[in-house]
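1. Quick one: sequence plus predicted model below, questions after.
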Amino acid sequence: MADNGGGTSISITALDGIVNVNSLFTLASFLGLAWTPSNGSTTLSDTECAAGDRAESDLVSFHVLAFACFLFSSLVALCLKQAIRTVPRPGRASIARINRLALRGGIIACATSSVFACFFLMLALVNLVQVRLGRISCSGAALGAAVPLVTLVPAGLFIYAAIVLYTFAHTH
C-alpha cells in the first residue's frame, strides 16, 4: 500500500528515534552489568542496613532484562526500517510500499518493549541505590534517591504509553 502523505517519513523518524534512544539505554544497561556490585563500593558504616546478596542479584537480573528489552526493541525498529523500502519510478515521485499492519504492530512491539526495558532499568537502579546507600527502609539517602526514580519514571512511561496509544487510535 502506498503512502501519499508524510506518514512514511514520520514512521522512519520515529523508528530512528527509538533506535537512537534505545542505543543509549542499552549502553547504560551494559555498563550497569559491567559494574560488579560486590566489590565493596558502598557508603555504609552500619552493616545492618546493608542491602545484601538479594539486592545484588536483583540488580544484575534487572539489568539483563532491561538490556534484552532495549535490544529487542532496537532490532525490531531496524527491521521495520528495512521493510519500508522506496521504489524509484521514472518521472514520478518515489513511493514506499508498506504493510501498515506490520508497521503498526512492529511499532507497538517496539514501544511495549521499551516501556518494559525502562521499568526494569528503574528496578535495577533502585537496587543499585540499595547496594550503594543501604536499604530504603533504613537510609534517608537511599529513600531520597529512590523516590524520584519510582515516581518520575512510571509517570514518564505512562505519558509515553498514552501518547503512543492516542497516536494509534487517531491515525489510519
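-> The structure has been received and is ready for your questions.
2. contacts, neighbours, all on C-alpha from now
-> Noted.
3. how near is Gly126 to Ile136?
-> Rather than Gly, residue 126 is Val. Remark: distance between Val126 and Ile136 (C-alpha to C-alpha, to the nearest Å) = 9 Å.
4. Can you identify the element that follows the helix or strand Val21 falls within toward the C-terminus?
-> Val21 belongs to helix 7-34 when assigned by DSSP states H and E. Following helix 7-34 in sequence order, the next helix or strand is helix 53-83 (DSSP H and E).
5. and the gap between the nearest residue to Cys110 once chain neighbours are set aside and His170?
-> On the basis of C-alpha to C-alpha, 6 or more residues apart in numbering, the spatially nearest residue to Cys110 that is not a chain neighbour turns out to be Ser73, at 4.4 Å. Taking C-alpha to C-alpha as the measure, Ser73 falls 23 Å from His170.
6. Neighbour count for these two, which is higher?
-> Per other C-alpha atoms under 10 Å, whichever of Ser73 and His170 has more neighbours is Ser73, with 28 against 7.
7. Neighbours of Ala34, how many?
-> Using other C-alpha under 10 Å as the criterion, the residues surrounding Ala34 number 11.
8. And the pLDDT for it?
-> According to the predicted model, the pLDDT of Ala34 comes to 75.
9. Check the one 4 residues further on too.
-> In the predicted model, Ser38 carries a pLDDT score of 55.
10. Ala28 now?
-> 76.
11. can you check Ile98 too?
-> Predicted confidence (pLDDT) at Ile98: the value is 72.
12. Which residues are in contact with each of Val126 and Ile136?
-> Common neighbours of Val126 and Ile136, using C-alpha atoms under 8 Å, 6 or more residues apart in numbering, are Ala146.
13. Quick test: name the residue nearest the centre of the protein.
-> When C-alpha atoms, centre = their mean is applied to the chain, the residue found nearest the centroid is Ser114 (3.5 Å).
14. which ones are touching that residue?
-> Shown in contact with Ser114 (C-alpha under 8 Å, 6+ apart): Asn22, Cys69, Phe70, Ser73.
15. Can you give me every residue that contacts the last one?
-> Under the criterion of C-alpha under 8 Å, 6+ apart, the contact partners of Ser73 comprise Ile18, Val19, Asn22, Ala109, Cys110, Ala111, Ser113, Ser114.
16. Leu80: which of these is nearest?
-> Of all the contacts of Ser73, Leu80 sits closest to Cys110, with 9.9 Å by C-alpha to C-alpha.
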